Every structure is written in structure tokens, then in C-alpha cells.
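**Q** sequence isn't available, so here's the structure alone:
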């Protein structure tokens with residue numbers, strides 16, 4: 001089905017980390033546009049269920065665990081079994097753990113890399129065969145501005161997010177022949193339950209260093225992710241920085 005302007009409705013998307021923060025805003029934004037959305041959760045089933053109740057015809061909770069490769073295949077299959085197709089994949093799930101390199105154990109450091117990067121790759125790998133059959137497929141990886149410029153005390157997280165950029169841009173070249181667009185969103189500091197733990201003094205320093213003078217909102221990040229996923233039809237391999245000018 002298409003709108004009067006020719007754009008397609010009832011597209012099917014899978015949003016990882018879709019039950020909270022930026023992912024929840026992306027899930028709601030896509031549903032409001034008429035998309036059907038598989039909203040993944042690991043422990044936040046209650047939050048995913050609330051989104052499904054709010055959008056009963058559009059959203060379905062789907063379990064996915066970054067550390068469990070089998071759940072990537074199951075999540076994709078659940079969405080395709082329900083709606084018969086997959087058009088858009090938004091890879092938003094991730095885990096943050098800070099700490100300077102010398103103050104972090106090797107196991108803890110590599111766990112951040114593994115959880116953020118391996119889960120992203122597993123879900124992309126599982127989704128690609130179905131995306132290749134879509135008339136207008138897309139993938140959006142939610143990285144971070146710290147993956148572009150670095151940040152003291154975030155070596156593991158920044159390394160993982162930087163690797164996502166390289167992975168996404170390389171994948172864009174691999175899958176272009178199937179018509180699949182792959183783009184990367186690099187948010188700056190955004191008000192979420194994760195950043196609620198940032199001390200007020202640190203938050204003030206970040207805001208002072210940000211040209212727009214504030215943290216971003218999850219709705220602002222969702223608009224950027226949805227733009228890359230649905231509207232930026234001549235963009236692939238692009239990195240969109242949404243950081244309020246923090247990295248300038």
C-alpha cells in the first residue's frame with residue numbers, strides 16, 4: 001500500500017533496544033508513521049508491552065539479548081513470521097560501562113566491546129536475507145559521537161562505537177547491490193535513564209561544551225534515526241552526528 005505521495009505505508013521494522021530511551025522513541029515514531037515494529041527487549045518486557053498497548057496494531061515485543069546470538073535469529077524470525085517481511089533494521093541496543101583503561105579489568109573491557117559489537121553484527125547478519133527481498137530496505141546503526149572523537153574514561157565504549165561506524169560503512173558497500181542502504185547515527189549526550197546518573201557538575205561541563213547548551217532528547221534522536229531509515233533514500237554509508245555541536 002502507498003500514500004498519495006507514493007511513499008509506502010505498513011513497512012516492517014525491527015528496533016533493537018526498542019523498549020527504552022532512544023529505542024522506545026524510535027519505536028513510537030515509526031508506529032505513528034504507519035510502520036509495524038518489532039520492539040526488542042532484554043529485561044524490559046513491561047516497557048515493551050506498554051508500547052504495544054499504546055500502538056496495538058503496530059508494535060509487538062520481541063526478546064533479544066546482545067550476548068546471546070541465538071536470540072538474534074529468533075527475533076528476526078518472529079517479526080517475519082508475524083508480518084511476512086522486513087524492510088528496516090534499527091540497531092540501537094547497546095551497553096555502556098565507563099572506566100579508564102588502567103582501571104578496568106581486561107575481562108570487563110572486552111565485555112563492553114563484545115556486547116555492543118557482537119550483538120549488532122549478529123542481528124544484522126540474521127536480518128540481511130529478508131531485507132534483500134524488500135523493495136526499499138535500510139539499516140541504521142546507532143553509534144555515538146564518542147566513537148568519532150573519543151572521550152576520556154570511555155575507551156571500551158568508544159572503541160565499540162567506532163567499530164560500528166567502520167562496520168556500517170563497509171556493510172553499505174557490501175549490500176548496495178541488494179538495494180540495502182546502511183547509515184550510522186552518532187548521538188551526543190542525550191537525556192535518558194543512563195545519563196540521569198551523570199553528576200550535576202559533569203553535566204554542567206558537558207552542557208557548557210555543547211554549542212546548543214543542553215543535552216538532546218530521545219525524540220530528537222528518534223527523528224534523526226527515522227530520517228535515515230525511511231526518508232534519506234539517496235544516503236548510504238553516511239554518518240549523521242546529532243550532538244548539539246559538542247564535538248565542534
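**A** Structure's in. What do you need? Computed from a predicted structure; not experimentally measured.
**Q** what about stretch 95-109, distance to the chain center?
**A** 22 Å (C-alpha atoms, centre = their mean, to the nearest Å).
**Q** go on, stretch 210-219?
**A** Offset of stretch 210-219 from its chain centre (C-alpha atoms, centre = their mean): 18 Å.
**Q** what about that stretch, how long is it end to end?
**A** End-to-end distance of stretch 210-219: 18 Å, with C-alpha to C-alpha, to the nearest Å as the criterion.
**Q** and for that stretch, what's in contact with it?
**A** 21-22, 24-25, 29, 187-192, 195, 203, 206-207, 242-246, 248 (C-beta atoms under 8 Å, 6 or more residues apart in numbering). The way it works is simple: take the backbone N, C-alpha and C, and place the C-beta from them, glycine included.
**Q** what helix or strand is residue 186 located in?
**A** strand 181-187 (DSSP states H and E).
**Q** helices or strands next to that strand in the packing?
**A** strand 138-142, helix 155-175, helix 218-226, strand 239-242 (3 or more C-beta pairs under 8 Å, 6 or more residues apart in numbering; DSSP states H and E).
**Q** tell me which strands that strand pairs with, and in which orientation.
**A** Here strand 181-187 is paired, per DSSP bridges, with strand 138-142 (parallel), strand 239-242 (parallel).
**Q** out of the ones you listed, nearest to residue 176?
**A** Closest to residue 176 of the strands paired with strand 181-187, according to C-beta to C-beta: strand 138-142, at 11.6 Å.
**Q** what residues sit buried inside the next helix or strand after that closest one?
**A** Downstream of strand 138-142, the first helix or strand assigned by DSSP H and E is helix 146-149. By 16 or more other C-beta atoms under 10 Å, the buried positions in helix 146-149 come out as 146-148.
**Q** swap in stretch 177-189?
**A** 180-189.
**Q** same check on stretch 206-225?
**A** Burial within stretch 206-225, assessed by neighbour count using 16+ other C-beta under 10 Å, is assigned to 206, 210, 215-216, 218, 220-222, 224-225.
**Q** endpoints of stretch 30-37, how far apart?
**A** End-to-end distance (C-alpha to C-alpha), stretch 30-37: 7 Å.
**Q** ok, stretch 89-99 next?
**A** 31 Å.
**Q** can you check stretch 110-125 too?
**A** 21 Å.
**Q** now it, how far from the centre of its chain.
**A** For stretch 110-125, the distance to the chain centre is 12 Å (C-alpha atoms, centre = their mean).
**Q** hmm, back to that, which of the buried residues of helix 146-149 lies closest to residue 117?
**A** Out of the buried residues of helix 146-149, the member with the shortest distance to residue 117 (by C-beta to C-beta) is residue 147, at 10.8 Å.
**Q** if I look at the closest one, how far off is residue 131?
**A** Using C-beta to C-beta, to the nearest Å, we find residue 147 at a distance of 24 Å from residue 131.
**Q** may I see the buried residues of stretch 159-179?
**A** Under the neighbour-count criterion of 16+ other C-beta under 10 Å, stretch 159-179 has 159-165, 167-169, 171-172, 175 buried.
**Q** what does stretch 236-248 give?
**A** Here stretch 236-248 shows 236-244, 246-247 as buried, counting by 16+ other C-beta under 10 Å.
**Q** on that earlier part again, now, which of the buried residues of stretch 177-189 sits nearest residue 55?
**A** Looking across those and measuring by C-beta to C-beta, the closest to residue 55 is residue 185, at 22.1 Å.
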